[in-house]
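> turn this into a model:
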Amino acid sequence: MVRLKDIAARAGVSVMTVSKVMRDAPDISAATKARIRSLAEEMGYVPDSLAQGLRTRTTKLFGLVIPTITNPVFARTARAIEELAHEHGYDVILAHTLNAPEREEACLRRLLSRRVDGLFISPVYRLAPTAPIYDEIQKNRTPTVILGQRAPFCTPFPNVAGDDLPASYAATKHLLDLGHRRIAFFAGLAAAPWSQERADGYRRALREAGLSVEDRLIFTSGASIEDGEKAALQMLQECEDVTAVQAASDLAAIGAAHVFLSQGLRIPQDISVVGFGNILVSEHFKVPLTTLRQPKFRLGVAAMESMQKLLKGERPEDKRLAAPIVIRASTGPPPVKPPQSAG
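Alright, predicted model coming up:
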């Protein structure tokens, strides 16, 4: 391992001079810095980040806690955070909760034990108003940004999220404007604030159109393709008069659309489908999906901006980013019922 004294011996300077160069001290000339850094690179010198952390009381590490990187929504957000962290000289430790509260707690405790300089957390939503691990993070004063809507257990922390209620409202309004009146809603996870907001947007649009909100048209679908398939099968058994389905996620919408097509229904001639998220596959599905463009990458950028303020001791404002509608081939006017023959 190449040490500072090895570089000093080759450069003909003191170890203190080399140390100052590595710390970018202002009292060393630019020429000396360039010469010593070039020599250090040539010799294969690797800074001891642990030793540096002990001196500066920082680790140059962020913790990123998300349900799973295989979810396209989180993949884009994670990419933005990692890219910007790299630009600021930080590394990111990624942890998956798999939507399990006990795993989330274990992940967060490990990251706290690593003394990360900050945390980005997509919470595992639960109905309980408190969560001990979040209380611990607050007491530890670890800078933390919540990715998504806040729930009661994580209210003390700043957040960045999509503006889900008006986005969902716009999706329902789009279907209403096409002439649909029997619109089913495939809701997400019951405890998740984003799911509640998307359902509220759907309800608001129906009420403004003078339509009643029928519980029989609301189905629990979770946020996966399999959940969407199950909800679609249940809907076909229970509600034959539905002409459009609005899902709280693209994956659930794609699962539902797959079932409809397999049952011989045409999209959108027989039934229209709307998703939420604008993940890549939504554009390339058999019938390109009308959806809401969730600002996934921009959420990551906004989260890093908030983290930079926290690291400076400032309190960032909570941020809501718009999710505009993207109209594709999966939505159209409702089917025209054939006239009934006279008895």
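> every contact and neighbour count from this point should use C-alpha atoms.
Will do.
> quick check: closest non-adjacent residue to residue 292.
Excluding the flanking residues, the one nearest residue 292 by CA to CA, 6 or more residues apart in numbering is residue 325, at 4.3 Å.
> okay, now the one you found: neighbour count?
If you count neighbours by other CA atoms under 10 Å, residue 325 ends up with 21.
> ok, it - contacts?
By CA atoms under 8 Å, 6 or more residues apart in numbering, the contact list for residue 325 reads 167, 170-171, 290-293.
> so where is the chain shaky, pLDDT-wise?
Residue ranges of the chain with pLDDT under 70: 48-57, 338-343.
> all helices of it, in order?
For the chain, the helices defined by DSSP state H cover 4-11, 15-22, 30-43, 49-56, 72-87, 101-113, 132-140, 164-178, 193-208, 225-238, 250-262, 280-284, 296-311.
> kindly reformat those helices as JSON lines containing mean neighbour count and distance to residue 273.
As requested, those are arranged in JSON lines below (neighbours: other CA atoms under 10 Å; distance: least, CA to CA, whole Å):
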{"stretch": "helix 4-11", "mean neighbour count": "16", "distance to residue 273": "64"}
{"stretch": "helix 15-22", "mean neighbour count": "17", "distance to residue 273": "58"}
{"stretch": "helix 30-43", "mean neighbour count": "14", "distance to residue 273": "57"}
{"stretch": "helix 49-56", "mean neighbour count": "12", "distance to residue 273": "52"}
{"stretch": "helix 72-87", "mean neighbour count": "18", "distance to residue 273": "19"}
{"stretch": "helix 101-113", "mean neighbour count": "16", "distance to residue 273": "32"}
{"stretch": "helix 132-140", "mean neighbour count": "14", "distance to residue 273": "38"}
{"stretch": "helix 164-178", "mean neighbour count": "22", "distance to residue 273": "9"}
{"stretch": "helix 193-208", "mean neighbour count": "20", "distance to residue 273": "14"}
{"stretch": "helix 225-238", "mean neighbour count": "18", "distance to residue 273": "11"}
{"stretch": "helix 250-262", "mean neighbour count": "24", "distance to residue 273": "7"}
{"stretch": "helix 280-284", "mean neighbour count": "15", "distance to residue 273": "11"}
{"stretch": "helix 296-311", "mean neighbour count": "21", "distance to residue 273": "22"}
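> and these: which comes nearest residue 126?
helix 101-113 (7.9 Å; CA to CA).
> kindly export that closest one (C-alpha atoms) in PDB.
Extracted C-alpha coordinates of helix 101-113, given in PDB (Å, rounded to 0.1, in the frame of the first residue of the first chain):
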ATOM      1  CA  PRO A 101     -41.300  -3.300   8.400                       C
ATOM      2  CA  GLU A 102     -38.900  -5.600  10.300                       C
ATOM      3  CA  ARG A 103     -36.500  -5.700   7.400                       C
ATOM      4  CA  GLU A 104     -36.800  -1.900   7.000                       C
ATOM      5  CA  GLU A 105     -35.800  -1.500  10.700                       C
ATOM      6  CA  ALA A 106     -32.800  -3.900  10.300                       C
ATOM      7  CA  CYS A 107     -31.600  -2.000   7.100                       C
ATOM      8  CA  LEU A 108     -31.900   1.400   8.800                       C
ATOM      9  CA  ARG A 109     -30.100   0.200  12.000                       C
ATOM     10  CA  ARG A 110     -27.200  -1.200   9.800                       C
ATOM     11  CA  LEU A 111     -26.900   2.100   8.000                       C
ATOM     12  CA  LEU A 112     -26.900   4.100  11.200                       C
ATOM     13  CA  SER A 113     -24.200   1.800  12.600                       C
END
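> what does that helix contact?
Contact partners of helix 101-113, identified using CA under 8 Å, 6+ apart, comprise 63, 65, 95-97, 124, 126, 133, 137.
> buried residues in stretch 145-153?
Buried residues in stretch 145-153, counted by 16 or more other CA atoms under 10 Å: 145-151, 153.
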